[in-house]
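Engineer: coords please:
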Amino acid sequence: MREGYPRELFKKLRMRRHGIKEQYPGIYYITNNLTMQVQIIVTKDLGPEEHLFLKALSDKVNEQTARKIVETASLMDEKGDVENVEALLQISMAANKGIYDKIREEENSGLKEENKKLKLAML
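Structural biologist: Take a look at the predicted model:
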């Protein structure tokens, strides 16, 4: 997995007669003469919706993508899915601390405002 297109790597693989097939935008399969299947993922080329959680593994997640990741993760309700998405979020949050801190601050600020309104309404 990498952010940019691996031009030199693909050039060397082609010289060694390996096939390179872009199965989906940003997801490349390397074929021929390999003992195992190999995929190379170019995160900047992944679609915004189709491979959201693969994008989460990048250290270049933007705010819009981070918000979508958090929103989608919050909808998970099956135990295995929740465990997997929590692990993924830990990785993404560690790699993109500033973005997630900003989102957390904005959500906390919004909650404080809601609490103030609720208290005033109760008076």
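
Engineer: buried ones in stretch 15-27?
Structural biologist: 20, 26-27 (16 or more other Cβ atoms under 10 Å). C-beta coordinates here come from the backbone N, C-alpha and C atoms, glycine included.

Engineer: what do you get for stretch 85-100?
Structural biologist: So for stretch 85-100, counting by 16+ other Cβ under 10 Å, buried means 85, 88-89, 92-93, 96, 99-100.

Engineer: can you check stretch 36-55 too?
Structural biologist: 40-43, 45-46, 51-52, 54-55.

Engineer: Could you identify the most distant pair in those residues?
Structural biologist: 40 and 52 (18.8 Å; Cβ to Cβ).

Engineer: can you pull out the strands in this protein?
Structural biologist: Remark: strands assigned in the chain by DSSP state E are 19-24, 27-31, 38-41.

Engineer: mind putting those in a markdown table, distance to residue 61 and mean pLDDT included?
Structural biologist: Below are these laid out as a markdown table (distance: least, Cβ to Cβ, whole Å; pLDDT from 0 to 100):
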| stretch | distance to residue 61 | mean pLDDT |
| --- | --- | --- |
| strand 19-24 | 19 | 93 |
| strand 27-31 | 18 | 93 |
| strand 38-41 | 14 | 93 |
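
Engineer: Show me the chain divided up by domain.
Structural biologist: 1-46, 49-123 (automatic domain parsing).

Engineer: ok now the longest one, how far from the chain's centre?
Structural biologist: Looking back up the chat, that one is domain 49-123. Put simply, domain 49-123 sits 12 Å off its chain's centre (Cα atoms, centre = their mean, to the nearest Å).
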